[in-house]
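Colleague: Build me a structure from this.
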Amino acid sequence: MKKFLSLLFAVLLMAPVSLWLLGSMNGNTDNTVGQGFPMPEASLLLDKEYYRAVEGWFRNALPMGRPMQRINHWLDYHLFDTTSSKTVHIGTHGWLYPARTVPESDESTVSDEAGRRLFLDLHAVEKITAAAGRRFVFAAVPAKAAIYPEYIGSGNTLGTHSIYRTLIESQNRHPLSGFVDLETPLKKAKLGGVDVYNKRSKLWNCAGAAAAAERILEAQRLSRPAAAARPNPGCPPPDTILYRQILGETPREVRPAVSSHVSGPHSVLGPKAIIYGDAYLNQLMPFLTHAFKGMEVIDSSLETTFGGRMIASDGDMVLLECGGDHLRRLHLDLESLYAAAKKRFQGVIKRDIALETATPVSRCALDATENGLEIRSSGPEAFFALPALPGSTGSVFRMLKLAFSPDHPGSVSILIHPDAGGAIRKTPGHGSRDLIVPLPFADRIAIQINPSEHPGVFILESAQLFSFYGTSPASVRNASRQSDAGGDIYSGISIRPTETPPARTKTSPDIKTKPRARAAAHPTDALPEITLTDIAEGRIFQRQGKSGDIAVTGTYSGAIGPVAARVISADDGAVMVPWTVVDDSPENGLFTGILHHVPQGGWYRLQVRSGLTPWVVEKGRNRWGVGMLVACIGQSNMREWFYTGKEHLPAATLMLHRGGEWVPPGRIGNGALALGNRLTAALKIPIGLLDYSVNGTGLTAKAEWGKGFWLDTGPDSIYRRLIDGVNAAGGSVETVLWMQGEADAARGTVSREEYRQALERFVNDQIRVDIRNGSSRSHLPFLMIPLVKRPTGRDRSCQWIRDAQMDALKTIAECHLAAISMDLENRGRQHLTAASYTTLGIRTAQTILYLLDKVPYHRGPFVRNVTRPSAQTIDIEIEHRGGTDFTPWTDITGFEVLVDGQQQAIDSVSRQNGHTIRIELEEQVPRTIRVRYLYGAHPDTDHPVRDNSDLRLPLEPFSINTRYPEGADI
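Modeller: Numbers count the residues shown, from 1 in each chain. Prediction:
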């Protein structure tokens, strides 16, 4: 028997190679898994994607591949209490918990800081909401491990310290009026013999949701019928997320039932609620609807920011629900909340802070001007201090509002003492220059501000202290919100009549119009000595038009005199910008100014000198330039632009920006080098490519695979890393390039409409708010490469994402097709070959040049019409953009013909003339048919249609209905 099993094992081991050699596996040339066994090549032996492709072939090609894999996972769990899933932790008695990575040594400190900061933000949300006449309720759902710690087991990595625990501790010290404790009722229900979490579920069950709903309604003193606490048929069954993950199956979608509870049943007399939350709402909603006369439910997985919409919507109460293990991702947009509520504020005292009382702390100089406080900053080490302010108390909550000038570059860092949470970083958004900073609970608060990580001259237009008195409005039981004419919502609430102002509210006329007096140079003063803070090597400033403004800064000592700067060519020393005064009177040992209208080009060097000693020139050594910046974002196929292929040498004026620093490119990265080389050759300016794509990242929370998702705007998110990188590069780019979609297509839970709407929010509400438009177009151009071929993907979900991306080209202003990738060759399960990335780089460069009116076209041919000369013949009329003809003439692949969803056999596809493709069917089909090209996850592109232009651009995918003999129905 042992010999037989050994022989069987040897046969199975040798079968793949043997069958490939015999041709049974039909080895395919593009090393994908959709058409045949991946052909081995010497260059692939060390490529993990090749071995994943082989694994994928076995899983998809062998009849029992997937069932056997599920059986293996089932046995691992049920017999051995183990799993290969990194997202699930198996406790004792088969209990399943969401897994966490092993915590770092400082995780407790990080959680404390994040929890305290979040708690202050929640206080700010409550006070802003209450001042606008709404009631705010916050419910944090304790995770499964908090309710059932006894089944976690030993050696676990779930940890006990979290942001949730810090919130609970903070609530005990400085309570939120609208905070609802859900841990106590859940534990009481558990002690009463009720299971509030199921053994294999990730979310609470109906019994847990019922206990939580009862506590929420009691806390808000809302009516509740006796039967409301019992599970009812409208409550969904327990989720199977964790169990399906350990079986290797795609988890079924669990999301708030936004539509099913909006229409009822609802109370006639109850308040109207705006409810924002995650998947826990799915079980919670059936136990809440009876207490409200109306509800609007907002899914946090689709709208990831809790902002002004919650107040702008018509409602009496705002309920924010968040799972305790998701608190780190909870993003509260205080600025948009303030903007939506400020016109309705009641019970709020606002006082201006006299800006002339601000004092420099380090490496900056201040001037009170008629436009505000002018700050000459040397960069990230420059700080100035506001006068000491009163902190928040149990009866008065305070916030600081800062307003900077429009198009403020970079992020503002704010240090608050006593608050050990580190610097608060905020980026002024376009359209809203206000920054809201909640003040900690303390008698006096010291505040220091760094205006930007970049050197320059900045304007703080105003600083104001807001004091919110009283608590949330009285309960809205059985009554809707009163109109503005109905009286002050703070009627009956004790409000302190006076408060000592923090500083003078207005500057005096002489100070308002006159800068601070500066000491004149004395004949006996030492000669000035200046030191230039050189520009980073290889930095590229984003041009505005055909020039850019450059910040010049450094140290100054000795007799005070004007400082001038000039720009010379790094190659031959030619003067590009003559001597120009940038700071007429240095102050505090610092000179800072702006050198305007530096012409595009490079490489350059900077020089400075004092007007008192013009013969002494301080020379910068680093090379820099003014040119174009392109932000490259998405997931792995975008990242591979920078890491696949060694066929190109980088141009001399091409630079990369990653991790917040400028780095010279090497020979690796065909896509990036092809794009950058083409642009710098055509435009004769430096090109900077910002490399901030992240492998495995989705657009929406439903496509979260552990690497993050782009709609997440939290402080540790991949999106925040992008914005920090852009700010480090100057805060402005000329183009954003997006190549993404694989993660959202993989699970099949993101519909076409959801992806399009998410992409619209991502572009309009995030990218174009947080990144300044460096182009000359009306909006920051957003260029998109639709989803690539996915050999192991599913047709429907892949097509959803691709169609949504093409839809967005029409619904988002200045959103353009960068390039089509469907005709290019794959390597492995989802990535492209090095040559394919080169092609994409060249095609994308053509699109950018087209938007600059440098080339006449950038897209390939498209289908104008489909007709049927006969019941067996289909003619496809195409229109060229850059070419006049196409190839191949025969054996064209990629077309499909369907009748009622069933594919029809195609006899041939060939060229009829330079504008017509003819499809001959094997049989006559005298009915309505659908013709489509390059459809699904992995269409046949052995012989795709390409035009005869220099770029050999592909025919764009399409899907058209046509009737015989009337013609097409497009």
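
Colleague: The top strand by length along the chain pairs with which strands?
Modeller: If each strand of the chain is counted by residues according to DSSP state E, the longest one is strand 456-469. With DSSP bridges as the criterion, the sheet partners recorded for strand 456-469 are strand 348-352 (antiparallel), strand 372-377 (antiparallel), strand 396-404 (antiparallel).

Colleague: where does the stretch 1-150 of the chain dip in pLDDT?
Modeller: Of all residues in the stretch 1-150 of the chain, those with pLDDT under 70 make up the ranges 1-66, 100-111.

Colleague: same question for stretch 537-556, mean pLDDT?
Modeller: In this model, stretch 537-556 has an average pLDDT of 96.

Colleague: now the end-to-end length of it.
Modeller: With Cα to Cα, to the nearest Å as the measure, the first residue of stretch 537-556 is 23 Å from its last.

Colleague: what's the neighbour count on the closest residue to residue 418 other than its chain neighbours?
Modeller: The shortest distance from residue 418 to any residue that is not its chain neighbour, by Cβ to Cβ, 6 or more residues apart in numbering, is 5.4 Å, and that residue is residue 442. No exception for glycine: its C-beta is placed from N, CA and C like everyone else's. Counted with other Cβ atoms under 10 Å, residues neighbouring residue 442 total 16.

Colleague: how much space between residue 442 and residue 117?
Modeller: 15 Å (Cβ to Cβ, to the nearest Å).

Colleague: thinking again about what came up before, tell me the most buried of the strands paired with strand 456-469?
Modeller: Of all the strands paired with strand 456-469, strand 372-377 carries the top mean neighbour count, a mean of 24, counting by mean count of other Cβ atoms under 10 Å.

Colleague: Can you give the contact residues for the following helix or strand past it?
Modeller: Towards the C-terminus, the helix or strand next in line after strand 372-377, according to DSSP states H and E, is strand 383-385. The contact list for strand 383-385 (Cβ atoms under 8 Å, 6 or more residues apart in numbering) reads 358-364, 366, 375, 415, 446-451.

Colleague: just those now: which is nearest residue 397?
Modeller: When these are compared for distance to residue 397 (Cβ to Cβ), residue 447 wins out at 16.3 Å.

Colleague: okay, that closest one: pLDDT?
Modeller: Looking at residue 447, its pLDDT reads 95.

Colleague: Now it: closest residue in space that isn't a chain neighbour?
Modeller: residue 386 (4.8 Å).

Colleague: mind listing what that neighbour touches?
Modeller: 353, 357-358, 400, 447-449, 463.

Colleague: Need the residue closest to the centroid of this structure.
Modeller: By Cα atoms, centre = their mean, the mean C-alpha position of the chain lies nearest to residue 710, the distance being 2.8 Å.

Colleague: so it makes contact with residue 701?
Modeller: No - here residue 710 does not reach residue 701: they are 10.1 Å apart, not a contact under Cβ atoms under 8 Å.

Colleague: lowest confidence element among the helices and strands of the protein?
Modeller: helix 509-513 (a mean of 37; mean pLDDT, DSSP states H and E).

Colleague: Residue ranges in the stretch 151-300 of the chain under the pLDDT threshold?
Modeller: Applying pLDDT under 70 to the stretch 151-300 of the chain flags residues 155-161, 222-234, 249-268.

Colleague: All the strands of it, residue numbers only.
Modeller: Under the criterion DSSP state E, counting those that start in this stretch, the stretch 151-300 of the chain carries strands at the ranges 179-180, 272-277, 294-299.

Colleague: Averaged pLDDT, the longest strand of the chain. What do you get?
Modeller: 94.

Colleague: Just the CA trace of that strand, in PDB.
Modeller: As requested, C-alpha coordinates have been extracted for strand 456-469 and formatted as PDB (Å, rounded to 0.1, in the frame of the first residue of the first chain):
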ATOM      1  CA  GLY A 456       7.700  80.600   2.100                       C
ATOM      2  CA  VAL A 457       5.600  83.600   3.000                       C
ATOM      3  CA  PHE A 458       2.100  82.700   4.400                       C
ATOM      4  CA  ILE A 459      -0.800  84.700   5.600                       C
ATOM      5  CA  LEU A 460      -2.900  83.800   8.600                       C
ATOM      6  CA  GLU A 461      -6.000  85.900   8.000                       C
ATOM      7  CA  SER A 462      -7.700  85.300  11.300                       C
ATOM      8  CA  ALA A 463      -7.700  83.300  14.500                       C
ATOM      9  CA  GLN A 464     -10.900  83.000  16.600                       C
ATOM     10  CA  LEU A 465     -11.900  81.300  19.800                       C
ATOM     11  CA  PHE A 466     -15.300  79.600  19.900                       C
ATOM     12  CA  SER A 467     -16.900  78.800  23.300                       C
ATOM     13  CA  PHE A 468     -19.900  76.400  23.300                       C
ATOM     14  CA  TYR A 469     -22.100  76.700  26.400                       C
END
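
Colleague: and that strand, which residues are buried?
Modeller: By neighbour count on 16 or more other Cβ atoms under 10 Å, the buried set for strand 456-469 is 456-461, 463-469.

Colleague: what's the answer for stretch 910-924, then?
Modeller: Buried positions in stretch 910-924, judged by neighbour count with 16+ other Cβ under 10 Å: 911, 915, 917-919, 921.

Colleague: Of those residues, which is the nearest to residue 407?
Modeller: The shortest approach to residue 407 among those belongs to residue 915, at 48.0 Å (Cβ to Cβ).

Colleague: so what's that closest one up against?
Modeller: Contacts for residue 915 (Cβ under 8 Å, 6+ apart) come out as 877-880.

Colleague: Swap in 6 Å and give it another go.
Modeller: Residues in contact with residue 915 (Cβ atoms under 6 Å, 6 or more residues apart in numbering) are residue 878.

Colleague: which residue ranges form the strands in the stretch 701-850 of the chain?
Modeller: Along the stretch 701-850 of the chain, the segments classed as strands by DSSP E, counting those that start in this stretch run 732-733, 735-739, 772-773, 782-785, 815-817, 826-827, 831-832.

Colleague: Would you list the strands that the third one pairs with, along with their directions?
Modeller: In this case it means strand 772-773. Strands adjacent to strand 772-773 in the sheet, as given by DSSP bridges, are strand 732-733 (parallel).
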